[in-house]
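Asker: predicted model and sequence follow; I will ask about them next.
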Amino acid sequence: QQPVQSPQAVILREGEDAVINCSSSKALYSVHWYRQKHGEAPIFLMILLKGGEQKGHDKISASFNEKKQQSSLYLTASQLSYSGTYFCGTETGNLIFGKGTKLSVKP
Amino acid sequence: NAGVTQTPKFQVLKTGQSMTLQCAQDMNHNSMYWYRQDPGMGLRLIYYSASEGTTDKGEVPNGYNVSRLNKREFSLRLESAAPSQTSVYFCASSEVPRKNEQFFGPGTRLTVL
């Protein structure tokens, strides 16, 4: 069952914050987050392995609410380099990706 | 280290033709995967190989076959290409099958006319 991501797209100005949500109808073993720039391969951002876990590097962080079967990706003080499509992947067996959230950061 | 490599980068086929997409990784990973990416659909798993000598179907296996040639190489074959198989194909690998970062290759853009 494909996880549902919201919003589908978001446009930001440099320095603004964004939240991308990922929810599943099934119990999750883990949640992955990847970013893909146009014409390139997806790049791993982080993985959350257990409920309540929060991770982050630079100004990108994520949380995992196991009970609600949800994860959120937080981008703070966005930079032009954050532009791209963000995918969550949920493991209930195999890794199943959401349809993606397109993030555009404008100067 | 090259990471995950894929050949070819681009391919145009006619309906009914066959071809094999090649993938190799030099990270000594146990698990390898083939995904297809269509606009607005995200990445969908075609087949995967949890370890050398094993292969399993993913979400969208119909029309494809795979071979895990050795620990490094995992190929995807289209026996009789159809326009619905026009897509970008990504190969990925990970150290173990679950709860582990996946490393993606650069992709193969396939068009079936």
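Answerer: Nice, I can see it.

Asker: in chain A, which residue sits closest to chain B?
Answerer: residue A:41 (3.9 Å; Cβ to the nearest Cβ). In short, each C-beta sits where N, CA and C put it, glycine included.

Asker: am I right that that residue is in contact with residue B:102?
Answerer: No. Look at residue A:41 against residue B:102 with Cβ atoms under 8 Å: they stay out of range, at 10.2 Å.

Asker: ok, the nearest residue to residue A:29 once chain neighbours are set aside - contacts?
Answerer: Once flanking residues are discounted, residue A:29 sits nearest to residue A:91: 4.3 Å by Cβ to Cβ, 6 or more residues apart in numbering or on different chains. Counting by Cβ atoms under 8 Å, 6 or more residues apart in numbering or on different chains, residue A:91 touches A:28-32, B:98-99.

Asker: bridging across strands, which residues link to residue A:91?
Answerer: residue A:30, residue A:95 (DSSP bridges).

Asker: and residue B:8, what's its pLDDT?
Answerer: For residue B:8, the pLDDT comes out at 97.

Asker: report how many residues lie close to it.
Answerer: 11 (other Cβ atoms under 10 Å in any protein chain shown).

Asker: you'd agree residue B:90 is up against residue B:32?
Answerer: No. Contact criterion Cβ under 8 Å: residue B:90 and residue B:32 do not qualify, at 11.3 Å.

Asker: pull out the buried positions in the helix or strand residue A:72 falls within.
Answerer: Using DSSP states H and E, residue A:72 falls within strand A:70-75. Buried residues in strand A:70-75, defined by neighbour count with 16 or more other Cβ atoms under 10 Å in any protein chain shown: A:70-73, A:75.

Asker: tell me, what residue is most central in chain B?
Answerer: residue B:34 (2.8 Å; Cα atoms, centre = their mean).

Asker: tabulate the buried residues of strand A:70-75 (a markdown table), appending pLDDT and distance to chain B.
Answerer: Listed next are the buried residues of strand A:70-75 as a markdown table, based on pLDDT from 0 to 100; distance: Cβ to the nearest Cβ, whole Å:
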| residue | pLDDT | distance to chain B |
| --- | --- | --- |
| A:70 | 91 | 17 |
| A:71 | 94 | 14 |
| A:72 | 95 | 18 |
| A:73 | 96 | 15 |
| A:75 | 95 | 19 |
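
Asker: for the closest residue to chain A within chain B, give the beta-bridge partners.
Answerer: The nearest approach of chain B to chain A comes at residue B:104, 3.9 Å away (Cβ to the nearest Cβ). The bridge-partner assignment for residue B:104, based on DSSP bridges, gives residue B:92.
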